[in-house]
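> this one's structure only:
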């Protein structure tokens, strides 16, 4: 499940009372949510089916089903869910730093180490290149790692990062197929939270898991 602005701020740093945030989360997907203190890196936290997690450092969660939901939050970064027929699932928060650090590679490797074989991903919304001006010095290593598709231009003709293309390039190299892609720009579309475009403090989420 992917929430939107309509569902309200479901993030861990919401200014709303905890009871209100929890009510919003339950309306999206029932269960005791498990989530991370996202660090824009490549840390993967592995959890048992019902093992609690409310703020450990990391950018990806891996667990087995059935179990309580796992969630990642964003307001321009990409959110990616990965599942396998063996019931091993992962949820990753992928900003440009996490992409460069190999968070998707770490997630897929961890899932396979826990018995996953065929991996299938769903890619959530993220900022599009038309709105994502990017420094050339930071763009070059990403292009070297993920190919020329990550290099783009903004609507104003400035150098830009295509974060979605980088996610797809990483998943393809990992032999992870993509079953769905919410190819919408969080900065252009007010239906999503965006820090870069609107300085939104709220966060939408991608949440995957059971209902316990």
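Received, thanks. Not measured: the values here are computed from a predicted model. Numbering: from 1, shown residues only.
> any weak-confidence spans in the chain?
210-212 (pLDDT under 70).
> Would you mind giving the secondary structure of the residue nearest the centre of it?
Ranked by distance to the mean C-alpha position of the chain (Cα atoms, centre = their mean), the top residue is residue 79 at 1.7 Å. Reducing the assignment at residue 79 to three states with DSSP: H, G, I helix; E, B strand; the rest coil gives strand.
> got a list of what it touches?
Under the criterion of Cβ atoms under 8 Å, 6 or more residues apart in numbering, the contact list for residue 79 reads 2, 72-73, 91-94, 123-126, 205-206. In this view, the C-beta of every residue, glycine as well, is placed from N, C-alpha and C.
> Repeat that for residue 194.
75, 76, 127, 186, 187, 200.
> Filter the contacts of residue 79 down to the buried ones.
Buried residues within those, counting neighbours by 16 or more other Cβ atoms under 10 Å: 2, 72-73, 91-94, 123-126, 205-206.
> Could you dump those into JSON lines and include secondary structure and distance to residue 33?
Listed next are the buried ones among the contacts of residue 79 as JSON lines, based on DSSP: H, G, I helix; E, B strand; the rest coil; distance: Cβ to Cβ, whole Å:
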{"residue": "2", "secondary structure": "strand", "distance to residue 33": "14"}
{"residue": "72", "secondary structure": "strand", "distance to residue 33": "11"}
{"residue": "73", "secondary structure": "strand", "distance to residue 33": "10"}
{"residue": "91", "secondary structure": "strand", "distance to residue 33": "11"}
{"residue": "92", "secondary structure": "strand", "distance to residue 33": "16"}
{"residue": "93", "secondary structure": "strand", "distance to residue 33": "14"}
{"residue": "94", "secondary structure": "strand", "distance to residue 33": "19"}
{"residue": "123", "secondary structure": "strand", "distance to residue 33": "21"}
{"residue": "124", "secondary structure": "coil", "distance to residue 33": "16"}
{"residue": "125", "secondary structure": "coil", "distance to residue 33": "19"}
{"residue": "126", "secondary structure": "strand", "distance to residue 33": "21"}
{"residue": "205", "secondary structure": "strand", "distance to residue 33": "9"}
{"residue": "206", "secondary structure": "strand", "distance to residue 33": "12"}
